[in-house]
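*Asks:* would you be able to build a 3D model of this:
(one chain, ligands or ions: 1)
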Amino acid sequence: MRNVRFVATTALLLPLAGCGVYGLPNGATQQAQTMHLDWVVFSDAGLVVAVLLFALIIAPLILWRRRSDAYPPQFNRNNRWEIAYTGIPLLMVIGLFAFTFWDEEIVERITAHPANTVDVVGFQWSWRFHYHNTNIDVVGTPQSPPQLVLPVDETTRIDLTSSDVNHAFWIPAFLFKRDAIAGISNHFDLQPTRLGVYRGVCAEFCGLDHALMSFTVRVVSRGDFARWLRNGGSSAILSAKGASL
Ligand SMILES: [Cu+2]
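*Replies:* Here you go, the predicted model:
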């Protein structure tokens, strides 16, 4: 009984102790914190299963090692064990599914009034960023990747599409990726929490120069962002602060 209590308590507490657990990145947006929690819960579940599995393999080897030539009692069914080893994994899968579903609801939640909205268009082979209610239109090339400038601690809505084949908009540090599909507009919110410059790439093989279809995301203070907007998107006025990933 004590052991069961210990395993249950550990499984519950590990996710709560979750920052950077198992070396998993925390992510640089509010949405990424939720994604990180999902990873931690799945890692916890895997750890609990691994510990139980190894215990169940090693314990019989020690406890019931061969001591005489007599066979131990033979049987061909044990209903209790069969119900347990079918029921427990089933409950775990249902629990993890429910948790992931709940997490995705939070990550994909769209606010009614975002502070800024950016149209992002993927094309062979770069990206275009257009800021709503401004003339700012950043168009990249494979040789000169574009930069998406976002304010910290504010919600920016991204309306994502493609003008030719399928692409995928991926910012690893934000723990977020979404397909850019011609004729379809995908919407999501990003609320960066850390200043810095982050790497972005196309994550869907889209043709010859797919590997050159990169971009950067620069998260700046609200003041810097307002000045940047006023200056028509001139990055010369931005100060370089924060981490670069
Ligand atoms: Cu692409």
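*Asks:* and the helices in this protein?
*Replies:* Ranges of helices in the chain, per DSSP state H, are 2-16, 30-63, 79-107, 222-230.
*Asks:* I'd like the ones you listed written out as a markdown table, with mean pLDDT, mean neighbour count and distance to the ion added.
*Replies:* For glycine as for every other residue, the C-beta is placed from the backbone atoms N, C-alpha and C. A markdown table is the format used below for the helices of the chain (pLDDT from 0 to 100; neighbours: other C-beta atoms under 10 Å; distance: least, C-beta to the ion, whole Å):
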| stretch | mean pLDDT | mean neighbour count | distance to the ion |
| --- | --- | --- | --- |
| helix 2-16 | 48 | 11 | 35 |
| helix 30-63 | 92 | 15 | 22 |
| helix 79-107 | 94 | 11 | 23 |
| helix 222-230 | 93 | 15 | 26 |
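*Asks:* so which of the ones you listed is nearest Phe129?
*Replies:* For Phe129, the closest of the helices of the chain is helix 222-230, at 12.4 Å, according to C-beta to C-beta.
*Asks:* list the contacts of the closest one.
*Replies:* Outside helix 222-230, the residues within contact range by C-beta atoms under 8 Å, 6 or more residues apart in numbering are 131, 134, 136, 149-154, 220, 234-235, 237-239.
*Asks:* show me how this protein divides into domains.
*Replies:* The record's domain split for the chain, according to automatic domain parsing, is 2-107, 116-244.
*Asks:* quickly list what Phe220 is bridged to.
*Replies:* You called it Phe, but residue 220 is Val. Val220 has these beta-bridge partners by DSSP bridges: Pro151.
*Asks:* which residues touch the residue nearest the centre of the chain?
*Replies:* For the chain, Leu175 is the residue whose C-alpha lies nearest the centre (C-alpha atoms, centre = their mean; 3.3 Å). Taking C-beta under 8 Å, 6+ apart, we find Leu175 in contact with Pro25, Gly27, Thr29, Gln31, Ala32, Met35, His36.
*Asks:* tell me the one of those residues nearest Leu190?
*Replies:* Thr29 (5.3 Å).
*Asks:* what bridges to the nearest residue to Thr141 once chain neighbours are set aside?
*Replies:* Leaving aside its sequence neighbours, Thr141 sits nearest to Ser126 (C-beta to C-beta, 6 or more residues apart in numbering; 5.3 Å). Beta-bridge partners for Ser126, by DSSP bridges, are Phe123.
*Asks:* looks like Ser126 contacts Gln147 (just checking).
*Replies:* No. Judged on C-beta atoms under 8 Å, Ser126 makes no contact with Gln147 at a distance of 11.6 Å.
*Asks:* those two: which has the busier surroundings?
*Replies:* More neighbours surround Ser126 than the other of Ser126 and Gln147, with 22 against 18 (other C-beta atoms under 10 Å).
*Asks:* from Ser234, how far off is that one?
*Replies:* 20 Å (C-beta to C-beta, to the nearest Å).
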